[in-house]
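In: What shape does this take:
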Amino acid sequence: MRVGPLELTAVTPDDVDELWPLLSDERLWAHEPDSVHPDPSVTRAYLERAAARWDAGLSYWTVRLAATGEAVGSGGAQHHTRGGADHWNLNYRIAVDHQGRGYAGLLVAAALAAAHEAAPERPCVAWIDAHNPASIAVARRAGLRDLGLRDNPADRPRLAWADRELDDAVYPLVEPR
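Out: The predicted structure follows:
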C-alpha cells in the first residue's frame, strides 16, 4: 500500500536482514533499552509472530521508501485480546536516521484507517512510555487521547493513547487521572 512517500507491505521473516539493523539500534530504544534486538534471531522471531497475525486480517507492515525500496521502519495495527476485550495495538518504529520527516505519522494514520475498516468496534491503543515525548507527539497529532498510565501485562505500566475511552476494569489505571 502506498502512503505518501512510503510503501507499506506485510512483514515477513524474509525482512530480517532489512529490519534487524534498525531494530538493533540502541538509539531507537532509548526509552525501553530492554527491547533492543541484540541479534537477528530476535528480529526473526518478532517478524514471524507479526507475519502470523496477518491471518487475522491485519498486522504490522515493513515501511519502505517508495522511491528507493529502502526499509525505514515497521509498525501498524495488530489485534490483541485482554481480559476478554479486543483492541488494536498500534506500533510505529522508524529508523533514527529517518525520524522527523513525518513517516511515523503517515504510518499511524494508515494503521488507524486499516483498523477502523477491519473492526471499527475495537479501540486503537498506542502503549507509550511516559518518557517518550516523540511517540506521544505522534499519537497526539494522530488524534489519539491520553487515557492515563495503565497496567500493561506485556511489561510495565504505560500511557494508553487511544481513539476512545477504555474499560477501566480491563485496562486498569495505575494512577488516577
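
In: My understanding was that L90 contacts I128; is that so?
Out: No - contact status for L90 versus I128: not in contact, 9.4 Å apart, counting by C-beta atoms under 8 Å. The way it works is simple: take the backbone N, C-alpha and C, and place the C-beta from them, glycine included.

In: what about the strands in the chain?
Out: Ranges of strands in the chain, per DSSP state E, are 2-3, 6-10, 60-65, 71-82, 85-94, 124-128, 145-150, 158-162.

In: I'd like those strands written out as TSV, with distance to I136 added.
Out: Shown next, in TSV, are those (distance: least, C-beta to C-beta, whole Å):
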stretch	distance to I136
strand 2-3	22
strand 6-10	22
strand 60-65	20
strand 71-82	16
strand 85-94	12
strand 124-128	6
strand 145-150	8
strand 158-162	7
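
In: Can I get those in TSV including mean pLDDT and distance to E48?
Out: Shown next, in TSV, are the strands of the chain (pLDDT from 0 to 100; distance: least, C-beta to C-beta, whole Å):
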stretch	mean pLDDT	distance to E48
strand 2-3	98	25
strand 6-10	98	13
strand 60-65	98	12
strand 71-82	95	13
strand 85-94	95	16
strand 124-128	96	21
strand 145-150	96	28
strand 158-162	96	24
